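J.: What would the 3D arrangement of this be:
(chains A and B)
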Amino acid sequence: MGLLRNIATRRLWRRLALLLIAGGLLGAAQPVSEYQLKAVFLFNFAQFVEWPPAALPRESAPFVIGVLGKDPFGAALDEVVRGETANGHPLEVVRYHNVGEVRDCQILFIAASELPQLEGILAALRGRSILTVTDADSPALHGVMIALVRQEKRIRLRIDLQATKASNLTISSKLLRPAEIVGSGS
Amino acid sequence: MSAQARPIRHTLMTVILLACGAVMLITTAAFIAYEYVTFRQLMVRNVKILGEAIAANSTAALAFDNPDDAREVLAAFKAQPHVVAARLYQRDGQLIASYPDRDPRASKVQPLRADGYRFERGLLTGVQPVVQGSRRMGTLYLESDLGEIYEHFQLFMTIGAVILLVCCIAAYLISRRLQELISRPILALAKTAQRVSEHRDYSVRATRPHGYEFGILTDAFNHMLTRIEGDQTKLRSQLSRLDLLHRITRATGERHDLQSVFRVVLHHLGDDLPLDFACMCVYDASAAALSIAVIDSRSAALAVSLGLAESGQVPIDQNGLARCVSGELVHEPDTREIQFAFPQRFAQAGVRALVVAPLLVESQVFGVLVAARREPDSFSSTDCEFLRQLSEHVALAAHQAQLYGELQRAYDDLRQSQQAILQQERLRALGEMASGIAHDINNAISPAALYTESLLEREPGLSERARSCLTTIQIAIEDVAETVSRMREFYRPRETEMVLSRVACNRVLEQVINLTRARWSDLPQQRGVVIQLRTELTEELPQIMGAEVELRDALTNLIFNAVDAMPEGGTLTLRTRLLTSGSRGADDVTRYVQLEVADTGIGMDEETRRRCLEPFYTTKGERGTGLGLAMVYGMVQRHSAELDIDSAVGRGTTVRLSFAAADEVAVPLAAGTALQPIVRRLRILLVDDDPMLIKSLRDILEQDGHVVTVAEGGQQGIEAFAAALAHGPPFSIVITDLGMPYVDGRKVAASIKAASARTPVIMLTGWGKRLLAENDIPAHVDRVLSKPPRLGELRAALAKLVPPADPADALVESA
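T.: All right, here's what the predicted structure looks like:
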């Protein structure tokens, strides 16, 4: 397992290096795009959030990052998760057009396009341990667990602890410290 | 001051301080080294923990690209002032935050090193990966200065120095106190040793200090002192004993008789070795007794109570002395416990300790040294050893004294025998000379003897006076012959058996008076000196057994001496008397005949009286031979008689000869003197070189009726015999002289026997007596007759040697 991770890490480093070179080469002309960053964020959530065992994929089933609605990432998300793992599972990006498609999914990015149906979506997802993430900047996003909020040139996190608790998800305190907390955890 | 001369307490203190300091330094160094290593590890661990904590806290900041949060996280390093710098890098190496804020170095792009913590450039740097789950989020770089270590060490060193100082002071104080524990006993011991060597006082002892080794050292030192003291005392006493021994040896060496050796030994012993009683005894093995030779004068009183006196005897049997006389030194520490008589004698006198040392020479005990003291057990083994050695020395000295005595005696003996040999030699020379003279005299007086005898026998018409004179002449001739024959006695000490006959002393005395008349009467009268002769002869005197001639000679000598002792005249008294001894009435009464010659002359002093019997001792100067009295004494001894000399200077000398009287047996006096009758006439060949003798002998033989043919020499005699044998008539008998020129008597006899073995040969010789005495009759000689020949002897020989039926007789008869 460690060996595997080691190999994976090495592969990742190699990719990062390539990315850095590419970034270095492209950096001057083309800075990292917003969604590229958000894709990394999505990927990173897998590290800081604990799922109840039942919610985790079985055996060799992939750890799924779902994108509901119109995909703003393009290929960025796929590139980020390619070859990566989370909790020992290979990562996979699955794109959903409606919430009904969402079955085995651990992280679900709800695209801005789906905001109008947000109530329904959240209701459909209630009771299921799926981390819901959105980047729509709206105060009406009550019920989405993590919101990626743009502040000045940076993207900040806003975490609804009430929602995560309701879904039996445990957010790492490390993640909580740089984030903005909404909804009392109590 | 050199290291060797440094006092021991300095050395000890230095040693202790150095040891303490070294131990402290090494300990401190070890601690510092340990602290350094462990502190570095601790520091690394601390920094690492900090780094890990910060890294763990900065994962989210990295993951979600939040530099503010990262800065806040890094600001936590403020709590640790030694962390001087920290930087947080993204996974792609992009710096996201630095500490302290706006660190100028942070802007510089520095390649990140491999993960880990290391000391470099005076800093501890750490590259800490930031990992979330299994995912690396970035890298935390941090730097910590080593001030902490330095501070730590500064404190540590300060404490160390203080401890070192305190320890050194404590060590100094303790060593100052402790060094005394070591140096004081050593110094005390040294001081004692110094005192001992300075004052030579070995009775000093070092006090025993505490501490095992010093105790042992001091004990050893004291023991050594005790031994030295003992040895010195022993040495001193042995030296004094040696000195005593030396003095005794010297003193004894100067003495040559046992008694004074013993006395000087006891004297020295009493002076130097206190003894209550000391004596020296001589061991008499045959009597099994000790005879006390000398008792020390100081123990005389004790000797009385012991019942011991000089020249007293102590028997040796079961009294404990037997061991000593077998050569052992006997030491009785307490005489009371010894049941033998000799120690008991001492015990009763209150003398309790006794040592009896044997005097051994060549492992023979010849005496003992007895030493005793009143105090029991007062003889140490040294005393005993000394007495044993002393006794050896004394034995040696005594032995030497004995040897000296023996040597002296041997020397005296040697001197006497030398003297005797010398005199013997003189006598022998004299004897040889006398022997030659005797031969001539014998020859010379032979005619006188023959004619005197013949006259007395054949001349009946002789006057009484002539007959008396002839008889005296005959006696004188006999005496001359005897005297001459005895001359050899001077050098022939071992006389052949003397022929004893009965002698009437009165008659002999009268004969001597007549023989010596010229000396005592005629010669003095010529000088106008008158010597009166008085004779006091006891009648009825018994005869004695003796040699008449010798007795006559002795008396003659005595008369001559008496006359010589009276140069101014006086009275010569001759006495005979009869004495008896033994118990009267018993059978063993011995009668003595005493002859006395007394004069009223000058007498003899004591020296002369003592020596007068020695041969060659004379007071007469050139006139005397010194042999007169010696001859008399010899005669007396041969007769087992006694000689007695009374003399006083100026009052005269009396000499008495005492002979045992012979048994009273009547002996016919004339039996031996009867002349042989002439039986037959014989043809006789007479051989001699002396014409006088031939003539007289021929006359006498012819008077007897024999036919005598004369040959004046040996060769002539042999020829005459041969002629007679060849042409007849042969000789019946041959009479030959022994000593003749060219052909002597022996050759004559041999030739005659060769020609006619049956013809008897008579040898006549001036040496005749000697030949007879020596039983040395030459071969071919039938009879030896001495000169002067006696008619009786001659006739007897002829009668015996020529048998009656001899054919030669017939020839004579017919002739």
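J.: Does A:Lys70 belong to a helix, a strand or coil?
T.: Put simply, A:Lys70 is coil when judged by DSSP: H, G, I helix; E, B strand; the rest coil.
J.: What number of residues are in the vicinity of it?
T.: Counted by other CB atoms under 10 Å in any protein chain shown, the residues lying close to A:Lys70 total 11. (C-beta placed from N, C-alpha, C; glycine too.)
J.: Torsion angles phi and psi at it?
T.: Main-chain dihedrals, A:Lys70, degrees, to the nearest 10: phi -70, psi 120.
J.: So the spatially closest residue to it that is not a sequence neighbour versus chain B, what's the distance?
T.: In space, not counting the residues next to it along the chain, A:Lys70 is nearest to A:Ser113; the distance is 3.9 Å by CB to CB, 6 or more residues apart in numbering or on different chains. The spacing between A:Ser113 and chain B, counted by CB to the nearest CB, to the nearest Å, is 24 Å.
J.: Report how many residues lie close to A:Ser113.
T.: 14.
J.: Same check on the one 5 residues further on?
T.: A:Leu118: 20 surrounding residues under other CB under 10 Å.
J.: now do B:Arg698
T.: Number of residues near B:Arg698 (other CB under 10 Å) recorded here: 18.
J.: so where do the helices sit in chain A?
T.: Taking DSSP state H as the criterion, chain A carries its helices at A:2-27, A:34-48, A:76-81, A:118-125, A:161-166, A:173-176.
J.: Let me see the mean pLDDT of the third one.
T.: Averaged across helix A:76-81, pLDDT comes to 87.
J.: now swap in the shortest one and tell me
T.: Summarised as a single mean, pLDDT over helix A:173-176 is 84.
J.: can you tell me which residues contact B:Ala285?
T.: B:Ala285 sits next to B:Val325 when contact means CB atoms under 8 Å, 6 or more residues apart in numbering or on different chains.
J.: got a list of what the residue most central in space within chain A touches?
T.: For chain A, the residue sitting closest to the mean C-alpha position, by CA atoms, centre = their mean, is A:Leu42 at 2.5 Å. Residues counted as contacts of A:Leu42 (CB under 8 Å, 6+ apart) are A:65, A:77, A:80, A:107, A:109, A:133.
J.: Can you give me the neighbour number for the last one?
T.: When you say that, I think you mean A:Val133. For A:Val133, the neighbour count with other CB under 10 Å is 22.
J.: Not counting its neighbours along the chain, what's nearest B:Pro788?
T.: Spatially, and ignoring its direct neighbours in sequence, B:Pro788 is nearest to B:Ala449 (3.4 Å; CB to CB, 6+ apart).
J.: Is that neighbour in contact with B:Ile477, as I believe?
T.: Yes: with contacts counted by CB atoms under 8 Å, B:Ala449 reaches B:Ile477, the gap being 4.7 Å.
J.: Now the common contact residues for those two.
T.: Joint contacts of B:Ala449 and B:Ile477 (CB under 8 Å, 6+ apart) are B:Pro788.
J.: just to revisit the earlier point, return the member of the helices of chain A having the minimum mean pLDDT.
T.: Lowest mean pLDDT within the helices of chain A: helix A:2-27, a mean of 52.
J.: Can you give me the separation between the residue nearest to the centre of chain A and A:Gln36?
T.: In this view, A:Leu42 and A:Gln36 are 11 Å apart by CB to CB, to the nearest Å.
J.: which residues touch B:Asp101?
T.: With contacts defined as CB under 8 Å, 6+ apart, B:Asp101 is in contact with B:71, B:75.
J.: Need the three-state assignment for it.
T.: coil.
J.: Phi, psi for it please.
T.: Per-residue torsions, B:Asp101: phi -60, psi 140 (degrees, to the nearest 10).
J.: show me what contacts the residue nearest to B:Ala749 when sequence neighbours are not counted?
T.: The shortest distance from B:Ala749 to any non-neighbouring residue, by CB to CB, 6+ apart, is to B:His780 (4.0 Å). Counting by CB under 8 Å, 6+ apart, B:His780 touches B:746, B:749-750, B:752-753, B:761.
J.: Which strand or helix spans the residue nearest to B:Pro788?
T.: Using DSSP states H and E, B:Ala449 maps to helix B:381-458.
J.: ok, and for the helix or strand following that helix, which residues are buried?
T.: Scanning forward in sequence from helix B:381-458 by DSSP H and E, the next helix or strand is helix B:464-486. Of all the residues in helix B:464-486, those buried under the rule 16 or more other CB atoms under 10 Å in any protein chain shown are B:470, B:473-486.
J.: Count the residues that sit near the nearest residue to A:Glu50 once chain neighbours are set aside.
T.: Closest residue to A:Glu50 apart from its sequence neighbours, by CB to CB, 6+ apart: A:Thr170 at 4.1 Å. Residues lying near A:Thr170 (other CB under 10 Å) number 12.
J.: and what of the one 10 residues further on?
T.: Applying other CB under 10 Å, we find 12 other residues in the vicinity of A:Glu180.
J.: hang on, isn't it packed against A:Arg158?
T.: Yes: counting by CB under 8 Å, A:Glu180 does reach A:Arg158; the two are 4.4 Å apart.
J.: got any residues that touch both of those two?
T.: A:Val149.
J.: Can you pull the residues of chain B lying near chain A?
T.: For chain B, the contact set with chain A under CB under 8 Å from any CB of the partner chain comprises B:56-57, B:59-61, B:63-66, B:68-69, B:91-93, B:132-136.
J.: Restricted to strands, list those residues.
T.: Among the residues of chain B next to chain A, the residues falling in strands (DSSP state E) are B:132, B:135-136.
J.: Name the residues of stretch B:449-456 that are buried.
T.: For stretch B:449-456, using 16+ other CB under 10 Å, the buried residues are B:449-450, B:452-454, B:456.
J.: gap between it and the chain center?
T.: Its chain's C-alpha centre and that of stretch B:449-456 lie 72 Å apart, by CA atoms, centre = their mean, to the nearest Å.
J.: returning to what we had before: redo the contacts of B:His780 as TSV? Include pLDDT, distance to B:Gln313 and neighbour count.
T.: Listed next are the contacts of B:His780 as TSV, based on pLDDT from 0 to 100; distance: CB to CB, whole Å; neighbours: other CB atoms under 10 Å in any protein chain shown:
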residue	pLDDT	distance to B:Gln313	neighbour count
B:Arg746	85	69	17
B:Ala749	89	72	26
B:Ala750	89	73	17
B:Ile752	89	77	26
B:Lys753	89	75	18
B:Val761	90	73	25
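J.: Test my guess that B:Asp688 contacts B:Val708.
T.: No: taking CB under 8 Å as the definition, B:Asp688 is not a contact partner of B:Val708, at 11.5 Å.
J.: Name the residue in these two with the higher neighbour count.
T.: B:Asp688 (28 against 19).
J.: contacting residues for the residue nearest to the more buried one when sequence neighbours are not counted?
T.: Once flanking residues are discounted, B:Asp688 sits nearest to B:Asp737: 4.1 Å by CB to CB, 6+ apart. Contact analysis of B:Asp737 by CB under 8 Å, 6+ apart lists B:687-690, B:693, B:745, B:763-765.
J.: Narrow those to those in helices?
T.: The helices, defined by DSSP H, take in B:693, B:745 from those.
J.: who wins for most neighbours among the contacts of B:Asp737?
T.: Of all those, the highest neighbour tally under other CB under 10 Å goes to B:Val687, namely 30 neighbours.
J.: Find the nearest non-adjacent residue to that one, please.
T.: Nearest non-adjacent residue to B:Val687 (CB to CB, 6+ apart): B:Gly717, at 3.4 Å.
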